[in-house]
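In: structure of the sequence below:
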Amino acid sequence: MVEAVARGVATPSGYSVPVTWFAGREDAPVIIVMAALGMGSHFYAPLARAMAATGFNVALVEQRGQGESTLRPSRHDDWGFAEVLCNDLPAVISWARGDRAAVYLMGHSLGGHYAAMAAGLYPQRIDGVILVATGSPWRAAFSGAMRNKVRFLIGVIPVCDLLLGYYPGARIGFGGNEARSVMDDWRVLARSNRYRASGLDQNLDARVAGYSGGVLAIRLADDAFAPPASIDAVTAKFVSARLTEKTLDAETIGDRADHMRWARTPAAVTQAVRDWIGFFV
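Out: The predicted structure is shown next:
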C-alpha cells in the first residue's frame, strides 16, 4: 500500500495548510486534489492511493475548517474564497512543484471551483485542471426539489451569518460547518453563476475565460447535486480552454455514479485522468 505522509505547507499569512502526500514515480506529474464542501481530505485517500499506484504523485489538500485544519469557523474566525485562492493554493502549488515537470489541479465539487478560479489567476503555474462532479449551485440549473433546496440555502445563509457568525452545515444537512464568507461567496454563485471572492478585486469569470490550458471535466451519470445543466454552467466559463468531457456511469464506476460514491471506487476516475494526461508507468 502507498504510504501517506502528513505535511504542513507554510503560507504568507502564517497558516499552515495540512497536506497528505502520496508518492508515486519521482519524475511523474503531481496531482493536487481539493475536497468538496465540508469534506475532510481523508475521504479521498482511496483515490490518492489508486493514482499513486499508477505512478502519479498526489497531494491531498485539507479544506480550511475541516479535518486536520487548525482553523474552525466561528463569529471571530472567518475566511472566504480569497484566502484559499491568494494565500493557501499558491503556497501549495509552489511546494508541490519543486523541480517536477508538471502540476495539475484536481477538484471535487467546491474543490473544482477553486481549481477553476486558480487556473484563471495562475495559468502559468499549472499544467491543467481536472474537475470531478463540479457543477454550479446556480439555482437556474436545477428543477423540482433540488431547486427548492438551493433557494432555501440562499435564504438561510445570511440568517446564519447574523445569528451564529458561521454556517452550521452539519445541522442544516448541507456541507460541514463553514466560515460565513465561504458561504457568502458560494451564495453569489448560487444566485448568479458568477465567481466572486470577497475582498479580491478581480473579475474571476474573465480570468477563467482567458485560461487557455487543458481542462478535463468528469461527470457522474447519476449525480443529483451536479446534473448536466449545472456542469454546463461551469464548463461554459472555459471559453478559451482545451476542454475534454467524460461521463462515467454506474457500470464503469462499479457503484452508483453519484456525487460522492465514485471516490470509494476510484479506478474509473483514475483511468480517465491517466488517459487525458497521457501518462503511463
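In: ranges for the strands of the stretch 151-281 of the chain?
Out: For the stretch 151-281 of the chain, the strands defined by DSSP state E, counting those that start in this stretch occupy 166-168, 177-179, 214-220, 242-248.
In: host element of residue 129?
Out: Secondary structure assignment for residue 129, by DSSP states H and E: strand 128-132.
In: per-residue pLDDT, residue 280?
Out: As predicted, residue 280 sits at a pLDDT of 51.
In: now the helix ranked longest in the chain: mean pLDDT?
Out: Ordering each helix of the chain by length in residues (DSSP state H) puts helix 144-163 first. Regarding helix 144-163, the rounded mean pLDDT is 97.
In: what comes into contact with that helix?
Out: Residues outside helix 144-163 that contact it (CB atoms under 8 Å, 6 or more residues apart in numbering) are 137-139, 142, 166-168, 172, 174, 180, 183-184, 186-187, 190-191, 224-225, 227. Every C-beta, even on glycine, is put in place using the N, C-alpha and C of the backbone.
In: mind redoing it with 7 Å?
Out: 137, 139, 142, 166-168, 172, 174, 180, 183-184, 187, 190-191, 224 (CB atoms under 7 Å, 6 or more residues apart in numbering).
In: now the residues you listed: which count as buried?
Out: 137, 139, 142, 166-168, 174, 180, 183-184, 187, 190 (16 or more other CB atoms under 10 Å).
In: number of residues surrounding the nearest residue to residue 46 once chain neighbours are set aside?
Out: Nearest non-adjacent residue to residue 46, counting by CB to CB, 6 or more residues apart in numbering: residue 266, 5.5 Å away. Residue 266 has 21 neighbours, counted by other CB atoms under 10 Å.
In: I'd say residue 266 and residue 50 touch.
Out: Yes. Assessed by CB atoms under 7 Å, residue 266 is found in contact with residue 50 at 4.7 Å.
In: where does the protein have low pLDDT?
Out: By pLDDT under 70, the weakly predicted segments of the chain are 279-281.
In: residue 114 sits in which helix or strand?
Out: Using DSSP H and E, residue 114 maps to helix 110-121.
In: tabulate the CA atom coordinates of that helix in PDB.
Out: The C-alpha coordinates for helix 110-121 follow below in PDB (Å, rounded to 0.1, in the frame of the first residue of the first chain):
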ATOM      1  CA  LEU A 110     -16.200  23.100  -4.400                       C
ATOM      2  CA  GLY A 111     -12.600  22.000  -4.800                       C
ATOM      3  CA  GLY A 112     -13.200  22.000  -8.600                       C
ATOM      4  CA  HIS A 113     -14.400  25.600  -8.400                       C
ATOM      5  CA  TYR A 114     -11.200  26.500  -6.500                       C
ATOM      6  CA  ALA A 115      -9.300  24.700  -9.300                       C
ATOM      7  CA  ALA A 116     -11.100  26.700 -12.000                       C
ATOM      8  CA  MET A 117     -10.600  30.100 -10.300                       C
ATOM      9  CA  ALA A 118      -6.900  29.300  -9.600                       C
ATOM     10  CA  ALA A 119      -6.400  28.400 -13.300                       C
ATOM     11  CA  GLY A 120      -7.700  31.800 -14.200                       C
ATOM     12  CA  LEU A 121      -5.400  33.500 -11.700                       C
END
